[in-house]
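# Sequence first, then the predicted structure, then my questions.
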Amino acid sequence: MFLEANHAKCKSYLLICDETHQAAFIDPLRDHVDRYLALLAYYGAKLALAIDTHTHADHRTGVAELADLTGAAVVMHQRSPSPRVTRHVEEGDRLRVGNLELRVLYTPGHTPDSISLLAADRVFTGDVLLIHGTGRCDFPGGDPGQSFDSITHKLLTLPDATLMFPAHDYRGHTQSTIGDERRSNPRIAGRTREQYVDLMNHLGLPLPDSIQEVLQPNQSEIEAASLQFPPLAQLNAVRQIDGAELSAALAGPEPPLLVDVREPEEFRGELGHIPGAVCIPLRELSERVHEIESYKNRDIVAVCRVGVRSTTAAAILTGLGFERVCNLKGGMLDWNTEHRAVER
């Protein structure tokens with residue numbers, strides 16, 4: 001069984017296996033969790049998976065609340081910054097919902113953690129491919145070249161009859177097909193990669209009204225009212241360093257202080273932490289800043305899972321007068337991929 005939940009411009013999807021009554025929600029909104037629970041009860045279904053196709057910038061996600069209330073696993077891509085994800089997925093992974101199967105397609109471009117989900121005759125494309133449009137690429141981590149590659153090399157190679165369901169629609173559409181998008185999507189049809197990149201770089205779209213109250217809270221699972229999140233301009237001003245630069249600095253005569261802003265269970269978890277790092281979770285940073293006061297005029301490197309929450313931390317510290325703060329680009333995920341020293 002497949003149900004679509006329309007919430008103005010946002011779209012959520014409920015999949016239920018008729019044989020086992022296991023269910024999955026795709027891109028649920030927090031404001032409608034009570035409605036989702038009522039749907040599950042009406043159909044006698046048990047929620048197994050709460051899936052976000054990417055980190056949303058225009059509404060608060062409902063995956064954490066659904067997980068808390070139903071015991072469902074929270075599913076997102078490996079590069080999701082959220083600490084609430086309990087199952088990270090990659091290209092080619094398969095998710096079981098009773099007898100239904102969802103195959104993960106890694107489709108970055110709108111965000112670095114964007115995925116699409118292929119289920120038999122239909123594909124859920126998140127925000128990377130929309131009906132007669134494509135997702136904007138000017139949010140932090142967006143990349144129009146990646147967007148073009150994801151759409152043309154993965155999504156548009158699916159059979160023409162594949163039904164397509166996006167996470168947003170602004171014109172009242174409910175579904176399309178891959179064949180129709182290949183032939184008539186005005187952002188893609190007849191354009192080269194270079195033309196698409198140029199188009200997306202000059203859209204000039206205004207940012208969502210709620211982005212300041214939504215994007216960073218979704219990335220961190222911290223309520224906007226409980227932490228003064230820095231504006232996007234301050235985030236964009238944070239200096240980024242890669243693993244090679246950090247390794248060289250740590251081997252130098254005056255190594256930087258490493259401030260790991262993940263939750264304690266993440267600090268001790270599968271990705272481990274860099275030797276010598278101190279754990280000060282992002283939600284506690286402003287209250288515990290006195291613990292690193294002696295480094296106010298020394299180098300500090302903020303660290304998290306993928307470099308997103310730590311960019312927020314670096315901007316906060318800079319605003320508090322720490323003048324030599326930078327961020328580890330790619331976070332512990334890239335640090336592990338590069339086989340650098342880790343403690344667990």
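All right, it came through fine. Since this is a predicted model, take the numbers as computed values, not measurements. Numbers count the residues shown, from 1 in each chain.
# what's in contact with stretch 234-249?
Contact partners of stretch 234-249, identified using C-beta atoms under 8 Å, 6 or more residues apart in numbering, comprise 140, 255-256, 274, 299, 301, 307, 311-312, 314-315, 318-319, 325-330, 334-335, 338, 340. In this view, the C-beta of every residue, glycine as well, is placed from N, C-alpha and C.
# Against residue 108, how distant is the nearest residue to residue 83 once chain neighbours are set aside?
Take residue 83 and drop its neighbours on the chain: the residue closest to it by C-beta to C-beta, 6 or more residues apart in numbering is residue 263, 5.1 Å away. Counting by C-beta to C-beta, to the nearest Å, the separation of residue 263 from residue 108 is 25 Å.
# Chain neighbours aside, what residue packs nearest to residue 56?
Excluding the flanking residues, the one nearest residue 56 by C-beta to C-beta, 6+ apart is residue 218, at 5.6 Å.
# dump the residue contacts of that neighbour.
Contacts here follow C-beta under 8 Å, 6+ apart; on that basis residue 218 touches 55-57, 60-61, 82.
# Which of those sits closest to residue 149?
Lowest distance from residue 149 to these (C-beta to C-beta) belongs to residue 55, with 19.7 Å.
# OK, contacts around the closest one?
Shown in contact with residue 55 (C-beta under 8 Å, 6+ apart): 61, 76, 80-82, 111, 113, 215, 218-219.
# Can you classify residue 291 by secondary structure?
Here residue 291 takes the helix state, with states given by DSSP: H, G, I helix; E, B strand; the rest coil.
# Leaving out chain neighbours, which residue sits closest to it?
The spatial neighbour of residue 291 that comes closest, neighbours along the chain excluded (C-beta to C-beta, 6+ apart), is residue 280 at 6.9 Å.
# Which residue ranges make up each domain of the protein?
Structural domains assigned to the chain are 2-201, 227-337, following automatic domain parsing.
# can you list these in JSON lines and add distance to residue 211 and mean pLDDT?
Compiled in JSON lines, the domains of the chain are given as follows (distance: least, C-beta to C-beta, whole Å; pLDDT from 0 to 100):
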{"stretch": "domain 2-201", "distance to residue 211": "5", "mean pLDDT": "95"}
{"stretch": "domain 227-337", "distance to residue 211": "7", "mean pLDDT": "96"}
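# if we can go back for a sec, for ChimeraX, write the select line for the buried members of the contacts of stretch 234-249.
In ChimeraX, a selection of the buried entries from the contacts of stretch 234-249 looks like this (16 or more other C-beta atoms under 10 Å):
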select :140,256,274,299,301,307,311,312,314,315,318,325,326,327,328,329,330,334,335,340
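# Please give the element, helix or strand, for residue 286.
helix 285-288 (DSSP states H and E).
# buried residues in that helix?
By neighbour count, and taking 16+ other C-beta under 10 Å as the criterion, the buried residues in helix 285-288 are 285-286.
# Tell me the first helix or strand C-terminal of it.
Counting by DSSP H and E, the element that comes right after helix 285-288 along the chain is strand 300-303.
# Indicate each strand paired with that following strand and its parallel or antiparallel sense.
strand 257-260 (parallel), strand 325-328 (parallel) (DSSP bridges).
# So which residues make contact with the first one?
When contacts are defined by C-beta under 8 Å, 6+ apart, strand 257-260 is touched by residues 267, 273-274, 276-280, 285, 292, 295, 298-304, 310, 313, 317.
# neighbour-wise, which of the contacts of residue 55 leads?
Using other C-beta atoms under 10 Å as the neighbour criterion, residue 111 leads the contacts of residue 55 with 31 neighbours.
# so who does the closest residue to it other than its chain neighbours touch?
Leaving out its chain neighbours, the residue that sits closest to residue 111 by C-beta to C-beta, 6+ apart is residue 54, at 4.5 Å. Contact criterion C-beta under 8 Å, 6+ apart gives 76-77, 110-111, 113-115, 126-128, 167 as the residues in contact with residue 54.
# ditto for residue 63
With contacts defined as C-beta under 8 Å, 6+ apart, the neighbours of residue 63 are 25, 28, 50-52, 74, 76, 84.
# measure it to residue 80 for me?
According to C-beta to C-beta, residue 63 stands 10 Å off from residue 80.
# which neighbours do these two share?
Common neighbours of residue 63 and residue 80 (criterion: C-beta under 8 Å, 6+ apart): residue 52.
# Mind putting the domains of the chain into CSV with distance to residue 208?
What follows is the domains of the chain, written out as CSV (distance: least, C-beta to C-beta, whole Å):
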stretch, distance to residue 208
domain 2-201, 4
domain 227-337, 11
